[in-house]
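Novice: Give me a model of this one.
(5 chains, ligands or ions: 4)
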Amino acid sequence: MTDTAYDAPSGNPTARRSLAASAAKPLQWLLKLLPGIVLLLFWQWASGRLIKEIYVSKPTAVAQRLYELFASGEIYPHLWTTGQELVFGYIIGVAGGVIGGYALGRSPRLARIFEPYVMAFYGIPKIALAPLFIIWFGIGMGSKIALAAIMVFFLVFYNVFAGVRSVDRELVNLTLIMGANQRQLTSHVFLPAAAPYVMLGMRLAIPYSVIGVIVGEFTSSAQGLGLFIHEASSTYDPAGVFAGIVILLAFVTVANVLAGRLERRLLRWRALSGAGPADI
Amino acid sequence: MTDTAYDAPSGNPTARRSLAASAAKPLQWLLKLLPGIVLLLFWQWASGRLIKEIYVSKPTAVAQRLYELFASGEIYPHLWTTGQELVFGYIIGVAGGVIGGYALGRSPRLARIFEPYVMAFYGIPKIALAPLFIIWFGIGMGSKIALAAIMVFFLVFYNVFAGVRSVDRELVNLTLIMGANQRQLTSHVFLPAAAPYVMLGMRLAIPYSVIGVIVGEFTSSAQGLGLFIHEASSTYDPAGVFAGIVILLAFVTVANVLAGRLERRLLRWRALSGAGPADI
Amino acid sequence: MHDRALVFDGIGQDFPSPGQRNKVRVLDGISFDVDHGKFVAVIGPSGCGKSTLLQMAAGLLIPTRGAVHHRGRKIGSINTEVGFVPQQAQLFPWKTLAENVELPLLLRGVAAGERRQRVASALNSVGLKGFEQHFPSQLSGGMQKRGSIARTLVYRPDIILMDEPFGALDAQTRMVMQSDLQSLSMEAGATVIFVTHDITEAVLLADHVVVLSQRPSRLLANIPIDLPRPRNMFEPFRNPGFEAAYDAVWTEFRSQIDTGRVH
Amino acid sequence: MHDRALVFDGIGQDFPSPGQRNKVRVLDGISFDVDHGKFVAVIGPSGCGKSTLLQMAAGLLIPTRGAVHHRGRKIGSINTEVGFVPQQAQLFPWKTLAENVELPLLLRGVAAGERRQRVASALNSVGLKGFEQHFPSQLSGGMQKRGSIARTLVYRPDIILMDEPFGALDAQTRMVMQSDLQSLSMEAGATVIFVTHDITEAVLLADHVVVLSQRPSRLLANIPIDLPRPRNMFEPFRNPGFEAAYDAVWTEFRSQIDTGRVH
Amino acid sequence: QQAVRIGLGAPTLSFLPIWSARALDTFKSQGLSATVVALPGGDASALAALDAGDIELAAVGPDATLRAVAKGQPFEIVYSLMSKVTLQLTVSKPLAERTGVKPADPLEKRIAAIKGGLVGATALAGVQEIAARWLAGKGGLDPKADLKVAQVGNPTAIQAAMEAKRIDAFLLSPPEGFLAEKAGTGIVLISLGDDFPLLANQPYLVLVAKKPISPATADLITRTAKALQLASATTVSKTDETAEAIHKQFFPKADPQAIAAAVKVMSSGVAGGGSIDVQSMQNALTFAKEVGTSFGKEFDAKASENDLWTNRYVDAAKAKQ
Ligand SMILES: Nc1ncnc2c1ncn2[C@@H]1O[C@H](COP(=O)(O)OP(=O)(O)OP(=O)(O)O)[C@@H](O)[C@H]1O
Ligand SMILES: Nc1ncnc2c1ncn2[C@@H]1O[C@H](COP(=O)(O)OP(=O)(O)OP(=O)(O)O)[C@@H](O)[C@H]1O
Ligand SMILES: [Mg+2]
Ligand SMILES: [Mg+2]
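Specialist: Numbers count the residues shown, from 1 in each chain, chains lettered A, B, ... in the order given. Ligands and ions are numbered 1, 2, ... in the order given. The predicted structure follows:
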């Protein structure tokens, strides 16, 4: 989401870009990393001073623990389990959300009936339903995938729903006049027009798929990063807790970068409109 | 979200509306309630047949329990606590999200630097940090408000961010030429133009504020609906669990209806464009 | 009845008027026919309901009163047998110009090779060669409008509805495109209804000129133009009988000036 | 130098051309001055860069080469001393017509009472009385454009940039509005640059007509029009000397026809 | 009336003295009003709340306390809520049928039945898993290889998992075993505290306070201890009445028989009135060692008296009228 809409080719794009290419690139990277570095330094300093190390560990200890985990190979089975759960949960949730959101977005009648139920359903705290999940999906990967998929579904569903409803009616009509059938209308008009919303939903869903899986693993599991973090937390191993969290962050960040790439490609057309300085 | 965009005044609005007013209104309500009624009946039937009552209770028992809870007044302190947490968490989260999302949306430079951190921060499973939350925010309302506000913040932040970035650059420029200062630009162009996204974020945030509060109360609390549900679940009272859930659903549904009203008012202008039958 | 492509039968349209109780009456009992292969120009003051009328012919709007018939069938839903060039260009912003023009062919399942060739020739004929890869936001207003025209002409619909197609074009470009349109309709026998503000254009291109009045608009006149074809688009006054025809339309149109300064 | 409101000094603009290595050169070394209180019309073929030129004057685009000066200062950021009527009406879809027209007054802190009255008179003068509560999507194309004009004229900027303001209007409405614009500029001494495709309109309204060539466009001519004011907008050919002026512009403009069928 | 806030890791019946003290209202006689704060986040959360000063006493397991103390946290065990391990091994019906094991079989045979099985626990690395593996070791099985343990969530979830045949066994305190038997999904095979002397005398659940303990807090703790002792005494002498009171006030929707049975089984664990002795502490440490728990520091039962654990308040309470 970082450089789509507002990097419009303003006044002097050539000059700007060549400048950026030579000196500004590493500088930009530095700027991007700066807050992270400051945060790490602050953490290192504050740990043991502002707050006990037992609660927040400290970066050096976390790095050390991470090294141990990977060197000993202890973490790989957890990574593998959680990774699978994340990927499946995310894909199922996105697919369901796109289909559901699209269907209700296209049909106001269905929407009027079902939308309140979807919303209400999401108000249910899933942790209160842990026994049901276990009965239905077991204590293996199934229940985590289900939980992550549900979290993802909701966000994608609502974004697609809103996106489809925001599509310009006149373009739709024009396409119908040109002879489009429903399938063609979907692929040529509704999906591209709703793409900004769909992408937003998919991005919002990334951290929530992680949360879903981790909550699931906290409740029941035999393997996975959530379990690893939970164990570390109950055995007073703060470095382990934060090592686990760092790995999750890496997951999220990589997924976010990938989604950003996809978004920039799909929404290329938006980056071109307009010109001139409107940013603060 | 139910009847904004696509109830465009098509062909014969008068005829339609008068028809709707006479016979269709109660019919519509019936249609809306139908899935709920079917669900309840199925639940009642399935309980004890497909799945033990101890896991899912049954509607009649839940209704009975609800009556008890309100009649005895037992539930009011819980309601009051959770209600306050929800309201504060929601308001703080929305305010923070709007401000943050607006700032980063307006400034691509800041966005490029900070957006990845916001995303990464959200990948952190908050439950893994329960002890930290307790140390920082205590076991009272503070920690639940914080948790709910964080959940809400994220959703609102990203939606506002995307909304601001989707604003038509040409309209912005035009307003600047007319002599708008930044404040005026915000209130006359950016906020109304981003309103569909802002409303979407606010709606998505409703169930998540509930989830945040309940997760918080599940972690630590002396009072609140989450605690009530948790206690009911550990004192072998499934009807109590579902009674608590029903109350939460009522919260969500009422908030959703209110948000829907607000949305319909703010986005009235969108309902007017286009005409004709494009719905499936 | 057979040779009538479109019949407007006493159509009327009321729109809700915000802030007021009663509705705005836009069209009021307008009837006229459009024969097969004929060219009908619609002129009338701004806001009188010309676009509304075209929308009815395309099935985008069901008239409050009366009906539009297409080949004898009443139009009750979207009419996929017409081509529609809207007043605003309405290109798809997420498609490049070439993809925009290609879309109707794609929707009709035309083979890729033929598609490419037809798109190229359509873009060429509206003077947009070299801009295939541009997105609509990278085109000028007139270029967008030309793209929109190419998108409709490329699939050669029987009936073409055009809403001020040449309004945003300079005199030169406009003449060339008028001439092209005339050849197209003569060769392919296409029926064309087009809205314009330019009386010269209306007289030059049309077989009939429909003149609408101020809102609530009624049909002021339906004037046949009997100039021989092909007509010279580049020097209008060279066409024999042009001036008489022009004056006939202008007289009708002008009659509105009495109604008020600007309606 | 004092009486020069705007100076275009050798401006040039290159746009990136998708799918190709080299850029599209749109404007190529164009220089001309606009004196205070004068009326300059810009004509040129579709896509030659007229809108681009206006955007530069408004500070929305910084030229690749050359510069635009406003009262001797080089324009480097958004120019808030001009009024801009864009080619597409660009009304705010979330505001009613009245709120749209009121906005610039609101931004300038004009008192509520005066605001109401000025909005009413601006809407009246473009013939939109009675549509105050309509949202832009409920207005016809020409009405939107008129709303856009009203929104600019209502705050009486010193310099007015208009991009094809009357292109979407019928002959009657257009004449009335042309006449209004002439009075406004004569009374208030406003400087106006306007883009048009209509040579008659250019000659009727302007003190100077700037003629641009095909892309990459150069300045073909900057023709002074010395017809006495006020001019009769309703019967152009009644103005003494009109025909000669028209022919001068037309000859220049026409010279492009050799460059290709449609550029 | 003075308020005392007690944090509870999980509102299960194993914290019997707290339930009975509240049910019999013995806090009031000590001039106290007790607030129980639920901290389902687990012992770590409860201890964090104690550290933050949000509660005066945390009711947790001793290992969490020992781990925290090893990390330098200033905690002290001031009361033993349950002085024996109350866990019961419950196996699923299908497992029992498959192996043909019965509660009357010799211990070895009973333990051998769970070989290769999947045990459900509310938390991994918690006391349930540790006990399960220890038990396997005692029965001559390989504690690591012959047993799989999965985290399943709260007791209701574990019951659900057993019913859905997702797990073969669980180790939970009463009344879970009783409930499983009643539901016909499982059989109670071993009661750890009864079958192993080592487990019959050791602090299993304790009250922890944060040092330094001010005189005012000391008084508060003493009075709390007194209230708990009074309730415990009544629990032992009038088990059925106590169970009924607990049921009525806190578990009204539960099966009364289950509560009665659970209270009966666990009442022997509260007989000591909260006191800890060197032997019982040593038992706890031995148990920990046997199951391979490393606290990160060696504790000595005797030397750590009045540092890690103390009988000061229990004794003071006993002396009090
Ligand atoms: N959705 C709507 N709600 C209310 N009024 C509408 C709506 N759509 C159109 N109108 C009104 O209908 C009238 C005619 O509109 P239409 O677009 O047909 O005009 P037009 O003849 O095409 O004008 P122009 O030449 O300016 O394009 C206008 O007065 C407009 O205000
Ligand atoms: N963002 C952009 N990227 C690439 N090319 C652009 C961009 N904006 C404008 N152009 C090109 O600049 C040229 C001039 O555009 P401009 O809008 O100034 O034309 P114009 O003279 O106003 O034409 P018209 O009369 O059709 O409105 C066009 O060829 C267009 O393709
Ligand atoms: Mg129109
Ligand atoms: Mg232009």
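Novice: Pop out the phi and psi values for the closest residue to chain D within chain E.
Specialist: Nearest residue of chain E to chain D: E:Gly41, at 46.2 Å (Cβ to the nearest Cβ). Any C-beta I mention is one placed from the backbone N, CA and C, and that applies to glycine too. Backbone torsions of E:Gly41, given as degrees, to the nearest 10, read phi -60, psi -10.
Novice: Could I get the contacting residues of it?
Specialist: B:127, B:130-131, B:134, B:218-220 (Cβ atoms under 8 Å, 6 or more residues apart in numbering or on different chains).
Novice: what element comes up after the strand or helix carrying C:Phe84 heading to the C-terminus?
Specialist: Per DSSP states H and E: C:Phe84 is located in strand C:82-85. On the C-terminal side of strand C:82-85, the closest following helix or strand by DSSP H and E is helix C:97-107.
Novice: low-scoring stretches of chain C, by residue?
Specialist: Within chain C, the segments meeting pLDDT under 70 span C:1-2, C:256-263.
Novice: Could you pull out the helices in it for me?
Specialist: C:50-57, C:97-107, C:112-125, C:141-153, C:171-188, C:199-205, C:242-254 (DSSP state H).
Novice: among the ones you listed, which is the most enclosed?
Specialist: For the helices of chain C, ranked by mean neighbour count under the definition mean count of other Cβ atoms under 10 Å in any protein chain shown, the leader is helix C:141-153 at a mean of 26.
Novice: For A:Pro77, grab the count of nearby residues.
Specialist: 12 (other Cβ atoms under 10 Å in any protein chain shown).
Novice: So it is in contact with A:Gln223, correct?
Specialist: Yes. With contact defined as Cβ atoms under 8 Å, A:Pro77 reaches A:Gln223; the gap is 5.7 Å.
Novice: separation between the closest residue to ligand 3 within chain A and ligand 4?
Specialist: When scored by Cβ to the ion, chain A has A:Glu170 as its residue closest to ligand 3, at 12.6 Å. Separation of A:Glu170 from ligand 4 (Cβ to the ion, to the nearest Å): 21 Å.
Novice: Following element in sequence after the helix or strand harbouring that residue, please.
Specialist: Using DSSP H and E, A:Glu170 sits in helix A:169-177. For helix A:169-177, the following helix or strand on the C-terminal side (DSSP H and E) is helix A:182-185.
Novice: Point out the other helices and strands that that next one packs with.
Specialist: helix A:169-177 (3 or more Cβ pairs under 8 Å, 6 or more residues apart in numbering or on different chains; DSSP states H and E).
Novice: With just CA atoms, put the helix it packs on into PDB.
Specialist: Taking Å, rounded to 0.1, in the frame of the first residue of the first chain, the C-alpha atoms of helix A:169-177 are listed here in PDB:
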ATOM      1  CA  ARG A 169     -23.600   1.700 -12.200                       C
ATOM      2  CA  GLU A 170     -23.200   3.400 -15.500                       C
ATOM      3  CA  LEU A 171     -20.200   1.400 -16.400                       C
ATOM      4  CA  VAL A 172     -22.100  -1.700 -15.500                       C
ATOM      5  CA  ASN A 173     -25.000  -0.700 -17.700                       C
ATOM      6  CA  LEU A 174     -22.700   0.100 -20.600                       C
ATOM      7  CA  THR A 175     -21.100  -3.300 -20.400                       C
ATOM      8  CA  LEU A 176     -24.500  -5.000 -20.300                       C
ATOM      9  CA  ILE A 177     -25.500  -3.100 -23.400                       C
END
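Novice: Is ligand 1 within reach of that helix?
Specialist: No. On the criterion Cβ under 6 Å from any ligand atom, helix A:169-177 is out of touch with ligand 1, staying 10.9 Å away.
Novice: And chain C, is that helix touching that?
Specialist: Yes. With Cβ under 8 Å from any Cβ of the partner chain as the criterion, chain C is reached by helix A:169-177 at A:170-171, A:173-177.
Novice: Quick one: list the elements packing against that helix.
Specialist: helix A:182-185, strand C:82-85.
Novice: mind putting those in TSV, distance to B:Ala239 included?
Specialist: As requested, these are arranged in TSV below (distance: least, Cβ to Cβ, whole Å):
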stretch	distance to B:Ala239
helix A:182-185	46
strand C:82-85	61
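Novice: Please identify the deepest-packed of the ones you listed.
Specialist: strand C:82-85 (a mean of 24).
Novice: Run me through the strand neighbours of that strand, direction for each.
Specialist: Using DSSP bridges, the strands paired with strand C:82-85 are strand C:159-163 (parallel).
Novice: Let me know whether E:Ala52 touches B:Ile134 as I believe.
Specialist: Yes. Using Cβ under 8 Å, E:Ala52 is in contact with B:Ile134, at 6.0 Å.
Novice: neighbour-wise, which of those two wins?
Specialist: For E:Ala52 and B:Ile134, the more surrounded residue by other Cβ under 10 Å is B:Ile134, and the numbers stand at 29 against 17.
Novice: Excluding sequence neighbours, find me the nearest residue to A:Leu31.
Specialist: B:Ile113 (5.6 Å; Cβ to Cβ, 6 or more residues apart in numbering or on different chains).
Novice: Give me the buried positions along the one helix or strand the one you found maps to.
Specialist: Assigned by DSSP H and E, B:Ile113 falls within helix B:108-123. Using 16 or more other Cβ atoms under 10 Å in any protein chain shown as the burial criterion, the residues of helix B:108-123 that qualify are B:108, B:111-116, B:118-123.
Novice: Please render the residues you listed as CSV that adds pLDDT to the earlier fields.
Specialist: CSV is the format used below for the buried residues of helix B:108-123 (pLDDT from 0 to 100):
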residue, pLDDT
B:Pro108, 84
B:Ala111, 87
B:Arg112, 84
B:Ile113, 86
B:Phe114, 87
B:Glu115, 86
B:Pro116, 85
B:Val118, 87
B:Met119, 84
B:Ala120, 84
B:Phe121, 83
B:Tyr122, 82
B:Gly123, 79
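Novice: Could I get the full set of strands for chain E?
Specialist: E:2-8, E:32-38, E:57-60, E:75-82, E:88-92, E:118-121, E:148-151, E:169-172, E:186-191, E:205-210 (DSSP state E).
Novice: Comparing those, which comes out most buried?
Specialist: For those, the highest mean count by mean count of other Cβ under 10 Å goes to strand E:57-60, at a mean of 28.
Novice: For residue 230, give me its contacts.
Specialist: Since you didn't name a chain, this refers to chain A. Taking Cβ under 8 Å, 6+ apart, one finds A:217-218, B:128, E:123-124, E:151 in contact with A:His230.
Novice: look at chain E instead
Specialist: E:Leu230 neighbours (Cβ under 8 Å, 6+ apart): E:21, E:24, E:26, E:29.
Novice: got a winner among those residues for most neighbours?
Specialist: Going by other Cβ under 10 Å, E:Ala21 tops the contacts of E:Leu230 with 28 neighbours.
Novice: That one and E:Ala34 touch, don't they?
Specialist: Yes. Under the criterion of Cβ under 8 Å, E:Ala21 makes contact with E:Ala34 at 7.2 Å.
Novice: joint contacts of the two?
Specialist: What both E:Ala21 and E:Ala34 touch, as defined by Cβ under 8 Å, 6+ apart, is the set E:27, E:227.
Novice: one step back: I'd like the strands of chain E as a markdown table, with distance to ligand 1 and mean pLDDT appended.
Specialist: A markdown table is the format used below for the strands of chain E (distance: least, Cβ to the nearest ligand atom, whole Å; pLDDT from 0 to 100):
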| stretch | distance to ligand 1 | mean pLDDT |
| --- | --- | --- |
| strand E:2-8 | 63 | 89 |
| strand E:32-38 | 58 | 86 |
| strand E:57-60 | 67 | 91 |
| strand E:75-82 | 72 | 91 |
| strand E:88-92 | 68 | 91 |
| strand E:118-121 | 63 | 88 |
| strand E:148-151 | 60 | 84 |
| strand E:169-172 | 67 | 90 |
| strand E:186-191 | 69 | 89 |
| strand E:205-210 | 70 | 92 |
